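Novice: 3D model of this:
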Amino acid sequence: MMKKRDFIVASVLLAFLGKPFSGRAQFSLTGQLRTRTEVRDGYGTLETKGNTPAFFTSQRARLNFNYRSPRVIFQVSLQDVRVWGADASTINNADGNRLSLHEAWADIILANVKDSALPKSAVEYFSIKIGRQELVYDDQRLLGNLDWLQQARRHDAVVFKLLHKGWQADLGAAFNQNSDAVGYNGTYYTPANLPAYVKDSKGNLAPTPAGLVPLANAAGLSARTGTPLLASAAGTNGMNQDYKSMQFLYLAKKFSSTRIAGLAFADEFGKYSLDSVRNIAGADTGFIYGRRFSHSGVNARLTAGALLTSQLDAQKAWTLQAGYYYQMGKNKDGISLGAYTTTLSIAYARQTLSWTAGWDYVAGGFDPLYGTPHKFWGAMDYFYAASGSPAAGLNNPFLKGKYTSPGKRFSAELAYHYFGLANDQKDAKGNVLSRYLGSEVDATFSYGLNKITNLELGASWMAATHSMEYAKGITPGAARLNASWAYLQVNIRPDFFSK
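Specialist: Residues are numbered from 1 along each chain as shown. Sure, this is the predicted structure:
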């Protein structure tokens, strides 16, 4: 319960924020309430025969504070994410806290030729953005805020931002730690987001041992040895671990009607050893297997490539996009990398109609970093999302068509994805399986109810093959090959100071 003193302070602060700022400073206060009701019958992976569909509602609530002046931009974004009913109707201290800090950053502007109040500089614009922030670049293929996910994604980082003569250059870095190291030395890092409880080898529920990251088959790992399974493995978007450090350089320049953007991204993961903790539960004695991050050194990975976007005609109706990225070094498990991904698409947009035809190829072993897979490889999130990805890669030709009403109040989109493996995959007997995994159809309808409220209805269907079972690490013949998913989303985004 809020104390009287806290209530008075909050009331005075809100009253102060509600007043217009003098001078050139600007302040905004916006919010978001987004609820999504879903029916899942094979979302993310095929359902085992006999399972029944899941039905639930999740929501995200945000409050965004933004202050902007000629010398600094400051933003704080408070976020609460929950599933309806996950908390008891009467909350006590033992229920935990779902409130989190999605963003908290300041962009310190050191040079800006458009602002006479700032000293003259050799560059047109230069700033340093520091704090918890989203990293969103290009089409979000490799770096994105993953906004579809209710909790989204952010990084604790510093980014140096430079603009000069049409060039954009961003240089960023991050170094993660669990605490301020009071009482011990070293920079060992145990990845966060660990569950409070985990099941032991006998199936008994037990508290997660301190400093141990439990192994789980669902993450595409052997529960006994911790090695990646051949059929399916969790990528960066699906693992419950964070990098120890990262550095990136982003360069972009527009030449006439063509924009070229290059990215070099290095991330390092702490080395670990496999360990087990004994758990005694009544007459049972089980073991909890996991990774203990207590070793020096890192597994370093480097991803580099470029994305080209070009307007093919004077009316800007036709757009060509092509990209290539190569990945080398070692992944978080210390496995050597040498894989690539390519994308090629052509889009047409004129008045109310648009369509896109394209092809994405992700070689086996390539991990699409911290992007937004929901945007590219099917709305049902079978690939490069939390449910794991085929170790044999992905071959994905696709076709999308969209209608938008003249007032842009209503839109309808239909998308088709052909899913195949990029490399051969074998069954338990060594026989090469068909590379065709299945097809997915996604239908999405959006309607603006009013200025701040949008309704979205979506439905997806998956027709899979037995090769999909192997690709997802499912026992052959145990799954239903037809899957579906539907949702209704209400997105309310008020601007509290707008008229």
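Novice: all contacts plus neighbour counts: C-alpha atoms, from now on.
Specialist: OK.
Novice: Give the buried residues for whatever helix or strand Val158 lives in.
Specialist: Val158 belongs to strand 155-164 when assigned by DSSP states H and E. Neighbour-count burial for strand 155-164 flags His155, Asp156, Ala157, Val158, Val159, Phe160, Lys161, Leu162, Leu163 (criterion: 16 or more other CA atoms under 10 Å).
Novice: Now tabulate those in JSON lines and tack on pLDDT and distance to Leu33.
Specialist: Output for these, formatted as JSON lines (pLDDT from 0 to 100; distance: CA to CA, whole Å):
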{"residue": "His155", "pLDDT": "94", "distance to Leu33": "22"}
{"residue": "Asp156", "pLDDT": "95", "distance to Leu33": "24"}
{"residue": "Ala157", "pLDDT": "97", "distance to Leu33": "27"}
{"residue": "Val158", "pLDDT": "98", "distance to Leu33": "29"}
{"residue": "Val159", "pLDDT": "98", "distance to Leu33": "29"}
{"residue": "Phe160", "pLDDT": "98", "distance to Leu33": "32"}
{"residue": "Lys161", "pLDDT": "98", "distance to Leu33": "31"}
{"residue": "Leu162", "pLDDT": "97", "distance to Leu33": "34"}
{"residue": "Leu163", "pLDDT": "97", "distance to Leu33": "35"}
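Novice: Return stretch 375-390 as CSV; C-alpha atoms alone will do.
Specialist: Taking Å, rounded to 0.1, in the frame of the first residue of the first chain, the C-alpha atoms of stretch 375-390 are listed here in CSV:
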residue,chain,number,x,y,z
LYS,A,375,8.4,-10.3,-38.4
PHE,A,376,10.1,-12.6,-40.8
TRP,A,377,9.7,-16.4,-40.4
GLY,A,378,6.0,-16.8,-39.8
ALA,A,379,3.7,-15.4,-37.2
MET,A,380,3.5,-18.8,-35.4
ASP,A,381,7.2,-18.4,-34.3
TYR,A,382,8.4,-21.8,-35.3
PHE,A,383,11.9,-20.6,-36.1
TYR,A,384,14.6,-18.6,-34.4
ALA,A,385,12.2,-17.8,-31.5
ALA,A,386,11.8,-19.2,-28.0
SER,A,387,10.8,-22.7,-29.3
GLY,A,388,14.2,-23.4,-30.8
SER,A,389,15.4,-23.6,-34.4
PRO,A,390,16.4,-26.4,-36.8
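Novice: tell me which residues in it are buried?
Specialist: Those would be 376-390, for stretch 375-390 by 16+ other CA under 10 Å.
Novice: confidence score at the closest residue to Ala281 other than its chain neighbours?
Specialist: Spatial nearest neighbour of Ala281, chain neighbours left out: Asn204 (6.9 Å); criterion: CA to CA, 6 or more residues apart in numbering. Asn204 carries a pLDDT value of 89.
Novice: Given the helix or strand containing Leu344, what are its sheet partners and their directions?
Specialist: Applying DSSP H and E as the criterion places Leu344 in strand 336-350. The pairing partners recorded for strand 336-350 under DSSP bridges are strand 318-330 (antiparallel), strand 353-362 (antiparallel).
Novice: need the ones you listed in TSV with mean pLDDT, distance to Leu455 and mean neighbour count, can you?
Specialist: Shown next, in TSV, are the strands paired with strand 336-350 (pLDDT from 0 to 100; distance: least, CA to CA, whole Å; neighbours: other CA atoms under 10 Å):
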stretch	mean pLDDT	distance to Leu455	mean neighbour count
strand 318-330	97	29	19
strand 353-362	97	20	18
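Novice: Distance check, the closest residue to Gln140 other than its chain neighbours against Tyr384.
Specialist: Nearest residue to Gln140, sequence neighbours excluded (CA to CA, 6+ apart): Gly371, at 5.2 Å. Gly371 is 9 Å from Tyr384, where distance means CA to CA, to the nearest Å.
Novice: Assess the claim that Arg154 and His102 are in contact.
Specialist: Yes - counting by CA atoms under 8 Å, Arg154 touches His102, with 6.7 Å between them.
Novice: who touches both of these two?
Specialist: Arg132, Gln133 (CA atoms under 8 Å, 6 or more residues apart in numbering).
Novice: For this protein, identify the residue most remote from the centre.
Specialist: Ala283 (42.5 Å; CA atoms, centre = their mean).
Novice: Phi, psi for that one please.
Specialist: The phi/psi pair for Ala283 (degrees, to the nearest 10) reads phi -90, psi -10.
Novice: what residue ranges in the stretch 351-499 of the chain are flagged as low confidence?
Specialist: Residue ranges of the stretch 351-499 of the chain with pLDDT under 70: none are present.
Novice: Please enumerate the strands of it.
Specialist: Secondary structure of the stretch 351-499 of the chain (DSSP state E, counting those that start in this stretch): strands at 353-362, 389-390, 394-404, 410-420, 436-448, 453-464, 482-492.
Novice: Mind giving me the packing neighbours of the second one?
Specialist: What that stands for is strand 389-390. When contacts are defined as 3 or more CA pairs under 8 Å, 6 or more residues apart in numbering; DSSP states H and E, strand 389-390 packs onto strand 232-233.
Novice: mean confidence for the strand it packs on?
Specialist: Per-residue scores along strand 232-233 average to 52.
Novice: next SSE after that strand?
Specialist: strand 245-255.
Novice: residues making contact with that following strand?
Specialist: Residues contacting strand 245-255 (CA under 8 Å, 6+ apart): 166-176, 259-269.
Novice: Once you drop chain neighbours, what's closest to Phe248?
Specialist: Phe265 (4.3 Å).
Novice: and the residue nearest the centre of the chain, what element?
Specialist: Against the mean C-alpha coordinate of the chain, by CA atoms, centre = their mean, the closest residue is Leu146 at 3.5 Å. Using DSSP H and E, Leu146 is not contained in any helix or strand.
Novice: Could I get the pLDDT score of it?
Specialist: Confidence score, pLDDT, at Leu146: 93.
Novice: that older thread, quick one, which of the strands paired with strand 336-350 is nearest to Asn450?
Specialist: strand 353-362 (22.8 Å; CA to CA).
Novice: how close does the residue farthest from the centre of the chain sit to Asn204?
Specialist: 11 Å.
Novice: List every C-alpha atom in stretch 422-441, with coordinates, as PDB.
Specialist: Extracted in PDB, the C-alpha atoms of stretch 422-441 (Å, rounded to 0.1, in the frame of the first residue of the first chain):
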ATOM      1  CA  ALA A 422      18.800 -25.300 -45.700                       C
ATOM      2  CA  ASN A 423      20.900 -28.500 -45.200                       C
ATOM      3  CA  ASP A 424      20.200 -32.200 -45.100                       C
ATOM      4  CA  GLN A 425      18.800 -33.800 -42.000                       C
ATOM      5  CA  LYS A 426      18.900 -37.500 -41.000                       C
ATOM      6  CA  ASP A 427      16.700 -39.600 -38.900                       C
ATOM      7  CA  ALA A 428      17.800 -41.900 -36.100                       C
ATOM      8  CA  LYS A 429      18.700 -44.600 -38.700                       C
ATOM      9  CA  GLY A 430      20.800 -42.300 -40.800                       C
ATOM     10  CA  ASN A 431      18.300 -41.900 -43.600                       C
ATOM     11  CA  VAL A 432      18.200 -38.400 -45.200                       C
ATOM     12  CA  LEU A 433      14.800 -36.800 -44.600                       C
ATOM     13  CA  SER A 434      12.800 -34.600 -47.000                       C
ATOM     14  CA  ARG A 435      13.900 -31.000 -46.700                       C
ATOM     15  CA  TYR A 436      10.300 -29.800 -46.900                       C
ATOM     16  CA  LEU A 437       9.100 -28.900 -43.400                       C
ATOM     17  CA  GLY A 438       5.600 -27.400 -44.100                       C
ATOM     18  CA  SER A 439       3.700 -24.300 -45.100                       C
ATOM     19  CA  GLU A 440       2.100 -21.500 -43.100                       C
ATOM     20  CA  VAL A 441      -0.600 -19.000 -43.900                       C
END
